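Novice: coords please:
(chains A, B and C)
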Amino acid sequence: MLIEIENLSVTFHAQGRVVRAVQDVSLSVNARESFGLVGESGSGKSTILRAICGLAPISGGSIRINGKPIATPRGKAFSRQVQMVFQDPYASLHPRHTIDRTLSEPLAIHGLPGTDQRISQALTDVGLPTAFRFRYPHQLSGGQRQRVAIARALMLEPEILLLDEPTSALDASVQAETLNLLSRLRAERGLTFLMVSHDLAVIDHMCDRVLVMQHGRAVEELTREALASAQMKTDYARALFAASADRMLQG
Amino acid sequence: MSALILWLRDPNPQSRGQARLGQAYLNWLRLRRNPLAVIGLAIAVALVFIAIFAPLLAPHDPITQELSRRLLPPGTPGNILGTDDFGRDILSRILYGSRITLYIVLLVILTAPVVGLLIGTVAGYFGGWTDTILMRITDIFLAFPKLILALALVAVLGPGMENAVLAIALTSWPPYARVARAETLTVRNADYIAAVKLQGAGAVRVIWGHVMPMCLPSVIIRVTLDMAGVILIAAGLGFLGLGVQPPLPEWGLMISAGRKFLFEQWWVATMPGLAIFIVSLGFNLLGDGLRDVLDPKSASK
Amino acid sequence: MSQLSVKNLRVTFDTEAGRVEAVRGVSFDLGRERLGIVGESGSGKTMTGRAVLRLIRPPGKIEADQMMFDGVDLMKASEREMRALRGPRIAMVMQDPKYSLNPVMKVGSQLMEGLRQRDRVSKAEAHAAAIAALTAVQIRDPERVMEAYPHELSGGMGQRVMIAMMLIPNPDLLIADEPTSALDVTVQAEVLSILDNLVKTRGMGLIFISHDLRLVARFCDRVLVMYKGKVVEELAARDLMQAKHPYTQGLLNCLPRIGGDRGPLPSLDRDAAWAV
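Specialist: Below you'll find the predicted structure:
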């Protein structure tokens, strides 16, 4: 098991109120597997990813990667192992940094050599022309920005990629291209995906197993086969499936 | 010229420098749409130009006294703006005075906003105790009226230009700290900050390379708008005899000297007053124009 | 008889970076029906919707050979006449209720404001009308929602309040710009059925702007497919699966399906000729 999450709880304290964003969620992901988290807004699916990255406070349970509990603060070794792609490509790239700066930052932090060559390679890998290197984010379309965000996540050659709704802010045709790109990169580099989405069709297309979440709790874990053949055991998973009926193969 | 513009507008710049200049060019185009801002910029540029070339532009020496020609009215041949009570040419003194004004403005720009930006971003980024302590210190400085605090400092340190600058800088950083902190609070939870933290960046790198560039535009706008105030405080200290010392041609000092003859020889105090007015107005117009161009909320769209 | 008639509508922006043509010659007629406008971001679908209400900010400019709504020439109407039209006759629902509701005003007061100020209705009558509108959008305890502030409502609830607010003056035409994209799938279905019901019972015209082709096909009577500011295809919603234009076909094909094979999704190869 590459990622093991046991009884994870995340609790936020905001203005005297206690918000239990995640309660007692356990899941495990094999190396080179693609695991999906699906649920509606407020189900805590993104919070799990943020907790892994140290961006949300863990109030209970444990997270292990490669059998070792993850360190707090996460540190540089963690960042070479796990990277994340955020939902909104308009908010995840620094508006005043060129693509070059965005991509060279991880190399500078870790003191890696060969900046020029690595950046050109990274842009080519995600299907962007190298001429885009010195553009600013506002000179790119949403899909191109998300490609840059994916390139940035891969600069440190991590094993695990956390994907937080990577295509929900994109147009349908751009979503298809981005999903194809992610699938190709996973095959080429042997990446492990932990992917969050509200779209069952996207999860079905990308993931081997999926955990359905509601109100911060795990509802049901399904294999891809069980999902496609509608073999859910819980009412909520079935309701979610029914609401996605227009995303079935037979339109 | 057109080759340069093509180079600036190149959608695929070849280097970071070209990309940055290209953005600056777009900002300039945006600024140019606002005629008042262009007037403000022209005044600021004229101030710099006059300060550099004062010896060539001034018809007379600003300090040499010529008592036979004292208190001549404006329009006198050789003394277009008249002379003061020591027979010195007012135009020449105003032109040379621009050097002192510019010197004070530059020193304040190089100190107060830098300190404010540093304190504001650090307080906003770390939050908690750091924030509380730094911002309470800021509040204490903010609670004093600027001019009174500057007066107290000069009274302790003794009059003189350097001490005046120090006093102005010490009293004017808190607003920049507030602006920078407010901006930092909106930025620090952004995904791009999370992304760079996730890549293992330390606090110094995040604040310096990622948070500060986002705070800079608001601070620059604020600095430009505050320049008028800085010039006025400098002139105020000069007027009270606590800033630049005679016989240096500082504008505030000149007004102070002309006060005695305000009713009979109005020009002695009015001409440097006009100079202060024009320069202050220029910085205000420029600041308003810059707000439209640099505001991160409108520029990112 | 057509209620709204638009001929050769153009929306252009003059910016530092040059002239941007957001809408380039769009024409359509709308009766008492549900018209869907579909397209990807930047296709000009939102601008088309806003242009009908003349809600384009400078430097944007609206030009059209004709834009008539129920005998009123929208191109010639004064700003005052337009204000009288927006709301009472033509209403608009935006994507995100968060930005359309006043955050410091109770929902109830916002619902009653128009009635009280414009129609000079008594407080009790306005209250009754607001409750009726909330009930119409299937809000279970309207009294509680009336007393709530917008931030206390969930996304689905907020969007229902928005729709209720738009419906109080009983408009003849509703322009809905991605009214359900910010909502969860289960809530989305409910909001759509509410809209559908209202259109049927009140006989409103509806312009439904969305990026989601399948949603529009299920929900509307007629669909305009927009690409780079132009309408590339106009067809009855039930014929969508038999779309002729390669862009429409491409949009349909590139979506992942539950139970589909996991090979690469077909990509949409854009032909420069589509935009001409």
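
Novice: switch to C-alpha atoms for all contacts and neighbour counts from now on
Specialist: Fine.

Novice: mind checking which residue lies nearest the centre of the chain?
Specialist: Looking at chain A here, since you left the chain open. For chain A, A:Leu163 is the residue whose C-alpha lies nearest the centre (CA atoms, centre = their mean; 1.0 Å).

Novice: that's the other chain; I wanted chain B
Specialist: With the centre of chain B defined as its mean C-alpha position, the nearest residue by CA atoms, centre = their mean is B:Met227, 3.5 Å away.

Novice: tell me where the chain has strands.
Specialist: In the absence of a named chain, chain A is used. In order along the chain, chain A carries the following strands (DSSP state E): A:3-14, A:17-29, A:34-38, A:58-65, A:68-69, A:82-85, A:160-164, A:192-197, A:209-214, A:217-223.

Novice: um, chain C though
Specialist: Under DSSP E, chain C gives strands at C:4-15, C:18-30, C:34-38, C:60-63, C:66-69, C:72-73, C:90-93, C:173-177, C:205-210, C:222-227, C:230-236.

Novice: got a list of what the residue nearest to the centre of chain B touches?
Specialist: Under the criterion of CA atoms under 8 Å, 6 or more residues apart in numbering or on different chains, the neighbours of B:Met227 are B:105, B:280, B:283-284.

Novice: flag every buried residue along whatever helix or strand it lives in.
Specialist: B:Met227 belongs to helix B:212-239 when elements are defined using DSSP states H and E. Buried residues in helix B:212-239, defined by neighbour count with 16 or more other CA atoms under 10 Å in any protein chain shown: B:212, B:214-239.

Novice: same question for stretch C:133-142.
Specialist: Counting neighbours by 16+ other CA under 10 Å, one finds that the buried residues in stretch C:133-142 are C:133-134, C:136-139, C:142.

Novice: return the residues of chain B in contact with chain A.
Specialist: Proximity of chain B to chain A, by CA under 8 Å from any CA of the partner chain, involves residues B:11-16, B:19, B:190-196, B:198-201, B:210, B:213-214, B:300-301.

Novice: check what pLDDT A:Gly251 gets.
Specialist: A:Gly251 is assigned 44 on the pLDDT scale.

Novice: wait, C:Ser2 touches C:Leu30, no?
Specialist: Yes: using CA atoms under 8 Å as the test, C:Ser2 is close enough to C:Leu30 to be in contact (5.3 Å).

Novice: where in chain C is pLDDT low?
Specialist: With pLDDT under 70 as the threshold, chain C has low-confidence stretches at C:1.

Novice: C:Ala217 is in contact with C:Leu235, isn't it?
Specialist: No: with the criterion set as CA under 8 Å, C:Ala217 and C:Leu235 do not qualify as a contacting pair; they are 10.1 Å apart.

Novice: tell me which of these two has more neighbours.
Specialist: Using other CA atoms under 10 Å in any protein chain shown, the more surrounded residue of C:Ala217 and C:Leu235 is C:Ala217, with 19 against 16.

Novice: re the thing from before, which outside residues touch the helix or strand just after the helix holding B:Met227?
Specialist: Once helix B:212-239 ends, the next helix or strand along the chain (criterion: DSSP H and E) is helix B:251-258. Contacts made with helix B:251-258 from outside it, assessed by CA under 8 Å, 6+ apart, are listed as B:84-85, B:94, B:97, B:101, B:234-241, B:244-246, B:265-270, B:272-273, B:275-276.

Novice: low pLDDT regions in chain B?
Specialist: Per-residue confidence of chain B (counting by pLDDT under 70) places the weak regions at B:1, B:295-301.

Novice: could you pick out the residues of chain C near chain A for me?
Specialist: Near chain A, when you scan chain C using CA under 8 Å from any CA, you find C:40-41, C:184-186, C:189, C:211, C:214, C:250-251, C:254-262, C:264-268.

Novice: filter the residues you listed down to the ones in helices?
Specialist: When DSSP state H is applied, these are split such that C:185-186, C:189, C:214, C:250-251 fall in helices.

Novice: compute the inter-axis angle for the helix ranked longest in chain B and helix B:251-258.
Specialist: For chain B, the helix that runs over the most residues, judged by DSSP H, is helix B:90-126. Taking axes from the mean of the first three to the mean of the last three CA atoms, to 10 degrees, one finds helix B:90-126 and helix B:251-258 inclined to each other by 140 degrees.

Novice: identify the residues contacting stretch C:200-219?
Specialist: Residues beyond stretch C:200-219 that count as contacts (CA under 8 Å, 6+ apart) turn out to be A:171, A:246, C:3, C:30-41, C:45-46, C:49, C:171-178, C:192, C:196, C:198-199, C:220, C:223, C:237-238, C:240, C:251-252.
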